[in-house]
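>>> need a structure here:
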Amino acid sequence: MGVDKVKVKQVCLLILYVAGLILLLIYSDALFAGIRLAIGICMPFIIGGCIAFILNIPMNGLEKVLFRKWNGKVADRIKRPISMFLSVVFVLTIVTLVIVAVVPQLSKTLTTLGEKVTPFLQGMLAWLESVTKNYPTLTEWITKLETVEFNWEMVISKVGDFLQNGVGSVLGSTVTVASSIIGGVANTFIAFVFAIYILSQKEKLKDQVVRILDAYTSRKLNARIRETCHRLNVNFTNFICGQCLEAVILGALFVVFMTIFQMPYAIMIGTLIAFTALIPIVGAFIGCSVGVFMILIDNPMQALWFLILFFILQQLEGNLIYPKVVGNSVGLPSIWVLVSVSVGGSLFGVAGMLIFIPLMSTLYSLLRDDVNRRNAGKEAKIKQELAENVQKNGNRPASGNRKRKK
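Below you'll find the predicted structure:
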């Protein structure tokens, strides 16, 4: 009796698969620690790739619009650096405008809040004095608290121990924070340099990736990978453009309506809401909370009207602007946008919210096309079977006709 080599191979693969799962469960902690270490090492390059992707959007627009008629070897060498430089300046200008519009006004508000603390405390003391006059029982309790004796020696010894042990911890924390800042600056510089390299050599990198796929994958798998990467690129680009456009529209609406109703800090709050609205669904609420706090210091009644205005504009944005601008750009229904934001935020925070919407959109489109293709194949097969049955019945004479001929 011969041995079936195919079945032996399948059994060996099944054994290896089960053994791999068992090892994965046993050494899962070490595996996850290794994954975190690898991600930490590659983080500057991941950030650099994200920066390059964002800068590539305005850079492509500049190359196609401003430098469309530039032809020749010299023009091809010049337009890429100029477009890259203008894209970096454009992004840095937007970030600078947000900082200039928000930070000075916010610091001014905090200073005003500090100036209002003293009158607030004086009012609290006056209120406490009136309360003690109206309620003598509280005065008796305060008198009893004054007679309570404290073990000052124990308090002093505890303070001394804290100072002795705390100095070392403070120094250690200072060194940790300083090293984190230095490491962050170094990683940012590496990420920026890596992004510039990607942008300057993106055609060459694309050609290298294509050659690797052609060498190590089949034609069918190669086509699927290319189609998936193309959809990811389109969905992420459309999502970023749509999210930025939606944030600008929402911020402009707040500036206009706050100016019409003569609310304070209109430009600052509108800019802050536009910046935080880049975070899907929940971002605008962050800007709203800061705006309410700032208006509340000047006029509590206007803070209430600002809340009403915010909820009206939020309904307008959620039901009209966001589905039309962002929803159509990524081709994802609203319910799946909410699922993407919830899952991405739970797993990876704000970055997960931004990544999971275009990622879910790509998976949704791939699944939709696969389902449509399979259903179309089944319908075509059913129609073919029906046509074959009709053809067979048409060529074969009926039983009644055969009896009559006899």
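
>>> all helices for the stretch 201-350 of the chain, in order.
Taking DSSP state H, counting those that start in this stretch as the criterion, the stretch 201-350 of the chain carries its helices at 202-216, 219-260, 266-276, 283-298, 300-316, 322, 328-330, 334-395.

>>> and of those, who's closest to residue 22?
Residue 22 sits nearest to helix 334-395 of all these, at 26.1 Å, using Cβ to Cβ. Every C-beta, even on glycine, is put in place using the N, C-alpha and C of the backbone.

>>> tell me which strands and helices that closest one is in contact with?
helix 219-260, helix 328-330 (3 or more Cβ pairs under 8 Å, 6 or more residues apart in numbering; DSSP states H and E).

>>> for stretch 259-273, what is the average pLDDT?
Average pLDDT, stretch 259-273: 86.

>>> same question, stretch 14-29
83.

>>> Name the residues of stretch 239-259 that are buried.
239-244, 246-247, 249-251, 253-255, 257-258 (16 or more other Cβ atoms under 10 Å).

>>> CA atoms only for that stretch - export them in PDB, please.
Only the C-alpha atoms of stretch 239-259 are listed here, as PDB (Å, rounded to 0.1, in the frame of the first residue of the first chain):
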ATOM      1  CA  PHE A 239      -9.700  60.900   4.300                       C
ATOM      2  CA  ILE A 240      -6.900  63.400   5.100                       C
ATOM      3  CA  CYS A 241      -8.200  66.000   2.500                       C
ATOM      4  CA  GLY A 242     -11.800  65.500   3.600                       C
ATOM      5  CA  GLN A 243     -11.000  65.700   7.300                       C
ATOM      6  CA  CYS A 244      -9.000  68.900   6.800                       C
ATOM      7  CA  LEU A 245     -11.800  70.500   4.700                       C
ATOM      8  CA  GLU A 246     -14.400  69.500   7.200                       C
ATOM      9  CA  ALA A 247     -12.300  71.000  10.100                       C
ATOM     10  CA  VAL A 248     -11.900  74.300   8.100                       C
ATOM     11  CA  ILE A 249     -15.600  74.500   7.400                       C
ATOM     12  CA  LEU A 250     -16.600  73.900  11.100                       C
ATOM     13  CA  GLY A 251     -14.000  76.400  12.400                       C
ATOM     14  CA  ALA A 252     -15.200  79.000   9.900                       C
ATOM     15  CA  LEU A 253     -18.800  78.500  11.000                       C
ATOM     16  CA  PHE A 254     -17.900  79.000  14.600                       C
ATOM     17  CA  VAL A 255     -15.900  82.200  13.900                       C
ATOM     18  CA  VAL A 256     -18.800  83.600  11.800                       C
ATOM     19  CA  PHE A 257     -21.600  82.800  14.300                       C
ATOM     20  CA  MET A 258     -19.600  83.800  17.400                       C
ATOM     21  CA  THR A 259     -18.800  87.100  15.700                       C
END
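
>>> Next, find the distance separating residue 187 from residue 35.
Counting by Cβ to Cβ, to the nearest Å, the gap from residue 187 to residue 35 is 19 Å.
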